[in-house]
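# Mind looking at a prediction? Sequence and model below.
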Amino acid sequence: MSGTPDTKTPATPARRGFLGVAAAGLGGVFIAPGIQLMEVAQAATPSAGANPQVRWGMLVDTSKCAEGCSDCVSACNKENGLNPQVSATSAQWIRKIEIKQISTGRTASAPVMCQHCAEPPCVDVCPTGASFKRADGIVLVDRHACIGCRYCMMACPYKARSFVHEELQEQVADVPRGKGCVESCTLCVHRIDQGDKTTACAQACTQGAILFGDLNDASSDIAKRLREVQTTQLRADLKLDPGVRYHGL
Amino acid sequence: MRTDHTQFWLMAALGALLTGVGLGAAHYMELHGHVVTGMNNQIVWGLPHVFAIFMVVAASGVLNVASIGSVFGQGVYKPRAPLSGLLSIALLAGGLMVLMLDLGRPDRIIVAATHYNFKSVFAWNVILYSGMTGIIAVYLWTMFERKLNPYSKVAGLAALVWRFVLTTGTGSIFAFLTARQAYGSALLAPLFIVLSFGWGLAVFLIVQATMYKWTGLKLDEAIQRRMARLLGVFIAASLYLVAVYHLTNLYFARQGAFEAFILRDGGLYPQLFWLGYVVLGALLPLALLFHPKCTGARWTFAASVLVVLGAFAWLYVFIIGGQAFPLEIFPGSVVSSSFGDGVVAAYSPSLPELLLGIGGLGAAYLITVVGIRALDFMPQDDFALGAKH
């Protein structure tokens, strides 16, 4: 190196400077968006998730539920993009059941949907874990993990689930559905997660027969009502502790 | 097996054709959705499950022949152990093919293989079926590889234990369902095990008789009589457990309506149960197997075919009849709704379902034919062992 003339030295800083600027520029070009993306990602913090202190549930007052009225069913269909045309293969997340006691002849009418059990058999039997219960008690199907084996439908004592038998035409953006998967009432989880305080069926019932709320909150309307009136759980003998309660059965 | 070249290719082509038709039917079902099947939101498991569960249960039972030979040291059964292992793998594959292709999303097989809910009997079964295939493969290896022969008994014992667990698992798919009146009984696990004995042995006897026929050999009469008697014992044991299952149900008042439906008032279901299973699938085969005048191989063959047909009848009643009976959500009441509450659910199987099921049988047949051709599965030493009986 000793024999190397020093004539190039003046140019070196300029080249270095250029390289430095170029490196900084390139770095900026490549790294900045990453940093920005990270910021964006961090800004969109994952939602707090379902609140384990809450247990969402419903109280159905059959004394107020009119025979032949299906406002709740229509509202559910509209909210979730279900085809209102009834067939053996159509999805029915909520249905009206007309009940007549054999011994007394007493009649009643009641909507039946997923009962959002505390001990849901559908969750137990699901091989992939697609059927799951959220911390706030809502029982859902993960549409990405459901393989369509229909074992949950065999296990549900309320026949609350439907299998999507064919291609779906019109879907609601908030409620993605898919052919070959099993689905059921979500307690309008998309509404709840957006801070709404009621479900489509409860809102549509002009008779006030469906009360939605937090069973764990002693000051909620549903909790107060549950303290006041006698209620039953469907198939209480199975001890699944459904989140939907019935009055007047 | 000393079949000639053409015969092998013809048999393989038939198996491939049946399998192809089944795959085509499955593709059609996936393309259009289950709306092209007879299944609906009330009868969620249909004819494909009847075929699949028959094959899976028979797969376990057919291994009995190997177990009796290897584990319990019965000389007659030892030369039959390889064929028994091959049939077990073939039936498992056929059954699983049907189960898998009947899924709403068969394309999500990777999800099923990577996401396990260990509380689910289905998830256990995924492990039990794949484990069973692996154990039988090792078992066959120990039988074919002379150096490994000493390990054959241990492998056979492992296969015996595993298949008991496997059929307990299959029975438990239904035994752990509390929702429906047909299921939710601890009896179902042992019942499925005993049913598997009969169905598996019947399949074995059909295949064995066919192989002997094609190769022009005659099965030693003593061996044939011995296996026929064993099938008879299995049929009687199955009949006994099926009777106990219904009698326990009949004892409980809450199950009375369901039993009346399945045994008397349910139209097709009681007919299939009494005529299909009890008379044709059990009593007639028993008569053919034990009647002093019916000693020939053809009677044993006929009895085996009847046992298989009876198995399909029983499974149809159990799986579809069990779902057809309405769920009792409001006890003591008459109910009606737009979702089939309070009424017996209707189901008529469609052609794609039937073809899928037949495709599964075709796949099992194809694996058997190719297996027999590739390796020496023909029971060889009957004549040498003849003196032992």
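Happy to help now that I have it. In this text the structure is predicted, and so the values were computed from the model without any measurement.

# residue ranges with poor pLDDT in the chain?
Answering for chain A, as no chain was given. A:1-48 (pLDDT under 70).

# not what I meant, chain B
Ranges of chain B meeting pLDDT under 70: B:1-3, B:381-389.

# Can you tell me how far whichever residue of chain A sits closest to chain B is from residue B:33?
Chain B sits closest to residue A:148 of chain A, with a gap of 1.8 Å, by Cβ to the nearest Cβ. Bear in mind the C-beta positions are built from the backbone N, C-alpha and C, glycine included. Distance from residue A:148 to residue B:33, counting by Cβ to Cβ, to the nearest Å: 10 Å.

# again, but for residue B:97
For residue B:97, the distance to residue B:33 - Cβ to Cβ - is 20 Å.

# Looking at these two, which has the bigger crowd around it?
More crowded of residue B:97 and residue B:33, by other Cβ atoms under 10 Å in any protein chain shown: residue B:97, with 25 against 19.

# per-domain residue ranges of chain A.
A:6-43, A:56-247 (automatic domain parsing).

# can these go into JSON lines with extra columns for mean neighbour count and distance to residue B:185?
Formatted as JSON lines, the entries for these read as follows, by neighbours: other Cβ atoms under 10 Å in any protein chain shown; distance: least, Cβ to Cβ, whole Å:
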{"stretch": "domain A:6-43", "mean neighbour count": "10", "distance to residue B:185": "52"}
{"stretch": "domain A:56-247", "mean neighbour count": "19", "distance to residue B:185": "15"}
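
# Could I get these in a markdown table, plus columns for distance to residue B:105?
Output for the domains of chain A, formatted as a markdown table (distance: least, Cβ to Cβ, whole Å):
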| stretch | distance to residue B:105 |
| --- | --- |
| domain A:6-43 | 30 |
| domain A:56-247 | 4 |
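
# Residue 224: which element?
Here I'm looking at chain A. Here residue A:224 sits within helix A:221-228, counting by DSSP states H and E.

# sorry, should have said chain B
helix B:221-251.

# same deal with residue B:313?
helix B:297-315.

# Could you pick out the residues of the stretch 151-300 of chain B near chain A for me?
B:173, B:176-180, B:183 (Cβ under 8 Å from any Cβ of the partner chain).

# OK, contacts around the residue of chain B found nearest chain A?
For chain B, the residue closest to chain A is residue B:104, as judged by Cβ to the nearest Cβ, at 1.8 Å. Residue B:104 makes contact with A:146-150, A:163-164, A:179-182, B:34 under the criterion Cβ atoms under 8 Å, 6 or more residues apart in numbering or on different chains.

# For chain A, just list every one of the strands.
Remark: strands assigned in chain A by DSSP state E are A:56-61, A:94-101, A:107-113, A:131-133, A:139-141, A:162-163, A:182-183, A:210-214, A:231-232, A:244-247.

# Need those strands in JSON lines (columns: distance to chain B).
JSON lines is the format used below for the strands of chain A (distance: least, Cβ to the nearest Cβ, whole Å):
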{"stretch": "strand A:56-61", "distance to chain B": "13"}
{"stretch": "strand A:94-101", "distance to chain B": "4"}
{"stretch": "strand A:107-113", "distance to chain B": "7"}
{"stretch": "strand A:131-133", "distance to chain B": "8"}
{"stretch": "strand A:139-141", "distance to chain B": "11"}
{"stretch": "strand A:162-163", "distance to chain B": "5"}
{"stretch": "strand A:182-183", "distance to chain B": "7"}
{"stretch": "strand A:210-214", "distance to chain B": "17"}
{"stretch": "strand A:231-232", "distance to chain B": "10"}
{"stretch": "strand A:244-247", "distance to chain B": "10"}
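
# Cheers, nothing more for now.
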